[in-house]
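1. quick one, structure for this:
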Amino acid sequence: MTLTFGFIHGFGFAGVLLEIALSQGEMALALLSFNLGLELGQLLFVAAVMLMSAFLTRKIANLRALITPWLTGILYGLGCYWFLGRGLVA
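-> Numbers count the residues shown, from 1 in each chain. From the prediction side, this is the model:
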């Protein structure tokens, strides 16, 4: 699923760059800038989630004990739903 999304997103971005008609050097710089910005955004998001998680864990001592069973159940349910949905469709 991730690979497919990445290809679609990449081809869409490449199509826009072709429409702009950049030179070879400008296109390489545009792709590099786009990818670096994307990676930086992902790192900032992960850092924010980790900081929020650390803050909440300190504030609520039993947060893990409260959330783990619910989160496990939700993920298990989604996994079963996708497994059965794909199994019955195929």
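2. elements contacting the longest helix seen in the chain?
-> Using DSSP state H to define each element, the chain has its longest helix at helix 24-59. Packing partners of helix 24-59 (3 or more Cβ pairs under 8 Å, 6 or more residues apart in numbering; DSSP states H and E): helix 2-20, helix 63-89. The C-beta positions use only the backbone N, C-alpha and C, and glycine is treated the same way.
3. does anything pack onto the last one? Which helices or strands?
-> Using 3+ Cβ pairs under 8 Å, 6+ apart as the contact criterion, the elements in contact with helix 63-89 are helix 24-59.
4. relative to helix 2-20, how tilted is the helix it packs on?
-> Put simply, helix 24-59 runs at 140 degrees to helix 2-20, going by axes from the mean of the first three to the mean of the last three Cα atoms, to 10 degrees.
5. quick check: angle from helix 24-59 to helix 63-89?
-> Using the same axes, to 10 degrees: helix 24-59 against helix 63-89 is 130 degrees.
6. go through helix 24-59 and flag the buried ones.
-> Buried residues in helix 24-59, counted by 16 or more other Cβ atoms under 10 Å: none are found.
7. any idea how far the spatially most central residue of the chain is from L17?
-> Among the residues of the chain, the one closest to the centroid is Q42, at 7.6 Å (Cα atoms, centre = their mean). Distance, Q42 to L17, using Cβ to Cβ, to the nearest Å: 21 Å.
8. what separation do you get for G87 and L40?
-> 39 Å.
9. for M52, that is, sorry about that
-> 19 Å.
10. tell me the pLDDT at the residue nearest to the centre of the chain?
-> Q42 carries a pLDDT score of 87 in this model.
11. go on, K59?
-> 73.
12. flag the shaky bits of the protein, pLDDT-wise.
-> 1-2, 61, 89-90 (pLDDT under 70).
13. name the residues that touch stretch 29-46?
-> With contacts defined as Cβ atoms under 8 Å, 6 or more residues apart in numbering, stretch 29-46 is touched by F13, L17, L22.
14. just the closest of these to L3, please.
-> Within the contacts of stretch 29-46, the smallest distance to L3 is 15.7 Å, found for F13 (Cβ to Cβ).
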